[in-house]
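>>> no sequence for this one, just the structure:
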Ligand code: F6P
């Protein structure tokens, strides 16, 4: 295996808080370990357009506290084609990059796996997504911050919901996974979480809410995970309204607000540890693995596993939401 001298780093897909902390950790650990570092702008698109910059220790100064990503991000359709990847490989070689660190979610790491297999490039991935839906890691970079954002927003909604004695349906992100909705519901004392992994009967949900109001609860909050399987908050509110017209209900979609903001300490520490672990992995000769965290330990998860297996939610937490909202 040829010796690695220069490491390229990119962020891809949806941004997530603490991606900057990860970029900082990768850059500084790599420089400390004797590598040069290049930043690729706008994810895989930057490899195709050749937008590549030098990364120095100062390039990543003062970014640990910033949301978003200084390298920008994109979802590249061209990189999904063999022709696009051929151009990307050419540009990578031209820039002298021998190995890549890819920070992103499921789609980005799937792209990394194909690229690594086609061109025999050492690539290490970091799980960067608010959705927490990657197999092989207990948590992903950005998830904790998004969860805290949901908590702050729902706490505020609770104030107005209680004042008006209303029912709120709050839609949260998560693509096809219910981690944000389920754990958001536990953290906010929501009355229910509607998630793609567990089917919800509208009449049971309506009864649960009606019961709460009967027992003198003065508000009700239902977190709904965005997904074709749940239909989202708007559709769920409509369905409940049809059968339970007595509720004064409102819908709030939190949307991209969940992706922004200064990362929590937990996310900053996770991203810093994972960034350093990615460089260690390359130095140990690891390739085509995602860095994960399991029981507080850094682990290597082959791309094939991380991107093809489903990470299951803890179904007991679904029960917990019900019990605690009595
Ligand atoms: O994967 C992160 C995520 O925020 C999902 O939760 C959401 O479904 C999607 O990205 C939104 O993507 P976009 O920013 O392209 O609208």
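Perfect, I can see it now. Because the structure is predicted, anything quoted here is derived from the model rather than measured.
>>> all helices for the chain, in order.
Under the criterion DSSP state H, helices of the chain are mapped to 19-32, 44-49, 82-94, 106-119, 143-164, 179-188, 202-214, 232-243, 265-283, 303-308, 315-324.
>>> and the fifth one, what other elements does it pack with?
Spelled out, that is helix 143-164. strand 167-172, helix 179-188, strand 220-225, strand 249-253, helix 265-283 (3 or more CB pairs under 8 Å, 6 or more residues apart in numbering; DSSP states H and E). Any C-beta I mention is one placed from the backbone N, CA and C, and that applies to glycine too.
>>> quick one, which of those gets closest to residue 80.
helix 265-283 (23.8 Å; CB to CB).
>>> give the buried residues for that closest one.
In terms of neighbour count (16 or more other CB atoms under 10 Å), helix 265-283 has its buried residues at 267-268, 270-279, 281-282.
>>> what's the closest of those residues to the ligand?
Of all the buried residues of helix 265-283, the ligand sits closest to residue 267, with 14.7 Å by CB to the nearest ligand atom.
>>> excluding chain neighbours, what is closest to that closest one?
Spatial nearest neighbour of residue 267, chain neighbours left out: residue 18 (3.8 Å); criterion: CB to CB, 6 or more residues apart in numbering.
>>> go on, residue 54?
Among residues not flanking residue 54 along the chain, residue 38 sits closest, at 6.3 Å (CB to CB, 6+ apart).
>>> equivalent analysis for residue 227, please.
Nearest residue to residue 227 in three dimensions, chain neighbours excluded: residue 196, at 4.2 Å (CB to CB, 6+ apart).
>>> verify the stated contact: residue 167 with residue 245.
No - judged on CB atoms under 8 Å, residue 167 makes no contact with residue 245 at a distance of 11.7 Å.
>>> which of these two has more neighbours?
More crowded of residue 167 and residue 245, by other CB atoms under 10 Å: residue 167, with 26 against 9.
>>> now check stretch 293-308, is it near the ligand?
No - figure legend: stretch 293-308 not in contact with the ligand (CB under 6 Å from any ligand atom); closest approach 13.6 Å.
>>> buried ones in that stretch?
Buried-residue list, stretch 293-308, by 16+ other CB under 10 Å: 293, 298, 300-301, 303, 306-307.
>>> list just the nearest of the residues you listed to the ligand.
Nearest to the ligand out of the buried residues of stretch 293-308 is residue 307 (CB to the nearest ligand atom; 13.6 Å).
>>> pLDDT wise, what is residue 326 at?
Looking at residue 326, its pLDDT stands at 86.
>>> before we move on, what about residue 134?
What the model reports for residue 134 is a pLDDT of 97.
>>> burial of the residue in the stretch 51-200 of the chain positioned nearest to the ligand, as a residue count?
Going by CB to the nearest ligand atom, the ligand is nearest to residue 173 of the stretch 51-200 of the chain, at 3.3 Å. Residues within reach of residue 173, counting by other CB under 10 Å, total 23.
>>> my guess is it contacts residue 133. True?
No - look at residue 173 against residue 133 with CB under 8 Å: they stay out of range, at 10.6 Å.
>>> could you point out which residue ranges in the stretch 51-200 of the chain have low pLDDT?
Within the stretch 51-200 of the chain, no range satisfies pLDDT under 70.
>>> so which bits of it are right by the ligand?
105, 129-131, 173-175.
>>> change it to 8 Å
75, 105-106, 129-131, 133, 173-175, 180 (CB under 8 Å from any ligand atom).
>>> what's opposite the residue nearest to residue 54 in the beta bridge?
Residue 38 has these beta-bridge partners by DSSP bridges: residue 8, residue 54.
>>> give me the pLDDT for it.
What the model reports as pLDDT for residue 38 is 98.
>>> could you give the number of residues near it?
Using other CB under 10 Å, residue 38 is surrounded by 19 other residues.
>>> from residue 276, how far out is it?
Per CB to CB, to the nearest Å, residue 38 is found 18 Å from residue 276.
>>> could you measure from the closest residue to residue 276 other than its chain neighbours over to residue 243?
Spatial nearest neighbour of residue 276, excluding adjacent residues (CB to CB, 6+ apart): residue 29 at 4.4 Å. As judged by CB to CB, residue 29 and residue 243 stand 56 Å apart.
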